[in-house]
Every structure is written in C-alpha cells, then in structure tokens.
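Asks: sequence unknown, structure follows:
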C-alpha cells in the first residue's frame, strides 16, 4: 500500500573481493530509494541483505537494486536486478468475527482507528441470529452474520476468526472459508479463546489442514500466563521485527504476560513461528505462526487477550507496541 515500508530482500555474492566494501543502491522508478553498504569478508562471499524502502505512490513501481562493484570486476552485467511492485492505494478490507463479546474487538478497532490502509468491519454474535456490526461500509454488510456466498466473503482480503466454535459455521461456510484462502488468495488469522482451535473442535474440521499448527484433541482445561519471546524468524519478519529492533524492545519482550487457553506446541512443515512462550513444558507454546496455503496465507495467534499489551499498568501511555 502507498506509504508502506517494504523490505527488499537481496542475495549478494562475490568472488575475489575480500576486504572490500560494496554499496548497494535501490531505485524506485529511477529515483534513489535507499543505499546499503556491504563488507565483503571472504574470498567467496554470499549474504542475504534486507533493505527497507518507503513507497509513496500507487501503481506499478520498477524496483531496481544495483551494486557499485570495484573496477576490477570484469562482468558488470550481473551487478543489478529488478522487479515490479504493485502499490495499491485502496485500503485492505478486513473482517473480524467473534462468536461472543470480548475486549479484543474494542482494542483491535482502537489500534487501527488512525490507519487509513485498513478498513475493518467487526462482527460480534450477541445471541441466536443477533449480531453487533461495527465499521460496516453498507447497510446490508454482514446483516445476516458470517457470509454464506463467495460474493459476500470475497469482498474482503483478510479475515480474523476469534473465539468461535466450529459448529457456528455450516459446512458450506467452512468450504467457502477454505476457497477464500486457497483460490481467492486471501489471508486468515485465527485468534485464541475458550472456543477456538481444539477447544472449539476445529481439529476435526476441513479447516484443520489449512492451519500452520497441529491441533491435539482438547483435554483438561488449560490456562497459563506467558511472556512472548521472538524467534529467529520473528526478528526479520515484517509483522514482528518492529517490536524487537534492539531499541524499543529486546529479544525477550518486556511487555506484560498474555493469557493462553489453547495448548498448541507443534507446527507443520513449511510453517514459521514468529512468537513463542515458555511455560515450562517440554516444548514452547506457539504464540504466532503462519504458513502459505494455496494462493493465500493462514496465521494463528492462540492468545486470549492481546489487549493487555495496551492496558496493563506496566505499559507506558505512549507505548505503541499493541498498535
């Protein structure tokens, strides 16, 4: 989206230039966007470099990365690479669905209130066939609850499913949810809660293969308070790296502990864990993980109360971590 920060990931390799410094230059439609210096510390050198740039204008952008190599470089043709970036000005349309009233809805809406890049519609079931709708753009949007047709559901790019028992959905809606990700290319984030994941019988549903985690059958009631820590993947992922840049936060987050009522510890091959928590168990608890599924992506955050990162007494009033 316009005004977003974009990570340009480049792999740099060189042979015969040990001890020298090379400058990487990133251009956006020919204009200088960023510069980055790389120290070549081996005769046969290879390194992945992430360079953040700011994109200001919508439309297709020609992003080129080039390296100013020493004069001794005999092949200059392989010193640049380019790609097209589609920058959109239209806000991402998000739908957040909860089967019960809870604070997450209020604080997610508050966190995104000043973000023009996101259009958030919230749907909260308050009783049988009764719903609270917030942030809707049309009178008929979500009037009958969670969408039952592709035309209704595919207007969104991102879905957030909170504490919702799988029995809340018809099989038609579950099939539609799977198509939303695998065919439409949408993204779904599943949040934790007393009716989420195995506690909501999702492990036996057709949605289970989409999830980046393995759901064990629910056993005894589970509840722990854990402090999130960032994984190696989380330190470089755009979603979480801002929290752990070494200035605002360290690797062990100083934010308050969060409650977890879903005991999830195993991930699938190809999935990536960004946040985890240690409750003394044999394996860490998964606090944020994601994977690709078909044309889209699925993420899980099995946490009940992220709003504590905003409202806990230990969090300074001006702290932006929750946002």
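Replies: That came through, no problem. The model shown is predicted, which means the values in this text are computed figures rather than measured ones. Residues are numbered from 1 along each chain as shown.

Asks: now the end-to-end length of stretch 138-157.
Replies: Distance between the two ends of stretch 138-157: 17 Å, counting by CA to CA, to the nearest Å.

Asks: and it, what's its mean pLDDT?
Replies: Stretch 138-157 shows a mean pLDDT of 95.

Asks: could I get the buried residue list for it?
Replies: When neighbours are counted by 16 or more other CB atoms under 10 Å, the buried residues of stretch 138-157 are found to be 142, 145-147, 152-154, 156-157. In short, each C-beta sits where N, CA and C put it, glycine included.

Asks: now secondary structure and distance to residue 315 too, for these, in JSON lines please.
Replies: Converted to JSON lines, the buried residues of stretch 138-157 look like this (DSSP: H, G, I helix; E, B strand; the rest coil; distance: CB to CB, whole Å):
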{"residue": "142", "secondary structure": "coil", "distance to residue 315": "32"}
{"residue": "145", "secondary structure": "coil", "distance to residue 315": "34"}
{"residue": "146", "secondary structure": "coil", "distance to residue 315": "33"}
{"residue": "147", "secondary structure": "coil", "distance to residue 315": "36"}
{"residue": "152", "secondary structure": "helix", "distance to residue 315": "38"}
{"residue": "153", "secondary structure": "helix", "distance to residue 315": "35"}
{"residue": "154", "secondary structure": "coil", "distance to residue 315": "38"}
{"residue": "156", "secondary structure": "coil", "distance to residue 315": "31"}
{"residue": "157", "secondary structure": "coil", "distance to residue 315": "30"}
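
Asks: ok, so of those, who is nearest residue 117?
Replies: For residue 117, the nearest member of the buried residues of stretch 138-157 is residue 157. The distance, counting by CB to CB, is 11.2 Å.

Asks: ok, that closest one - contacts?
Replies: Remark: with contacts taken as CB atoms under 8 Å, 6 or more residues apart in numbering, residue 157 is in contact with 92-94, 186-187.

Asks: any idea how far residue 187 is from the spatially most central residue of the chain?
Replies: Residue closest to the average C-alpha location in the chain (CA atoms, centre = their mean): residue 239, at 5.0 Å. Computed with CB to CB, to the nearest Å, the distance linking residue 239 and residue 187 is 11 Å.

Asks: hmm, residue 160 is touching residue 105, no?
Replies: No. No contact is recorded between residue 160 and residue 105 when judged using CB atoms under 8 Å, the distance being 9.6 Å.

Asks: name the helix or strand of the protein that has the lowest mean pLDDT.
Replies: Ranking every helix and strand in the chain by mean pLDDT, DSSP states H and E puts helix 232-236 at the bottom, with a mean of 86.

Asks: could I get the pLDDT score of residue 316?
Replies: Reading off the per-residue confidence, residue 316 sits at a pLDDT of 84.

Asks: residue 245 too?
Replies: 52.

Asks: how far does the helix or strand harbouring residue 229 sit from its chain's centre?
Replies: Residue 229 belongs to strand 228-230 when elements are defined using DSSP states H and E. On the basis of CA atoms, centre = their mean, to the nearest Å, strand 228-230 sits 15 Å off its chain's mean C-alpha point.

Asks: in the buried residues of stretch 138-157, find the pair that's most separated.
Replies: Comparing every pair within those by CB to CB identifies 145 and 157 as the most remote, at 19.9 Å.

Asks: quick revisit: you'd agree the residue nearest to the centre of the chain is in a helix?
Replies: No. Looking at residue 239 with DSSP: H, G, I helix; E, B strand; the rest coil, it is coil, so not inside a helix.

Asks: on the three-state scheme, the residue nearest to it when sequence neighbours are not counted is what?
Replies: Closest residue to residue 239 in three dimensions, ignoring its sequence neighbours and counting by CB to CB, 6 or more residues apart in numbering: residue 274, at 6.5 Å. Of the three states, residue 274 takes strand according to three-state DSSP.

Asks: how far away is residue 274 from residue 291?
Replies: As it turns out, when the distance is counted by CB to CB, residue 274 lies 11 Å from residue 291.

Asks: skip ahead from the helix or strand residue 121 falls within and say which helix or strand is next.
Replies: When secondary structure is defined using DSSP H and E, the element that contains residue 121 is strand 118-127. Under the assignment DSSP H and E, the closest C-terminal helix or strand after strand 118-127 is strand 130-134.

Asks: excluding chain neighbours, what is closest to residue 79?
Replies: Nearest in space to residue 79, with sequence neighbours left out and distances taken as CB to CB, 6+ apart, is residue 67 at 5.0 Å.
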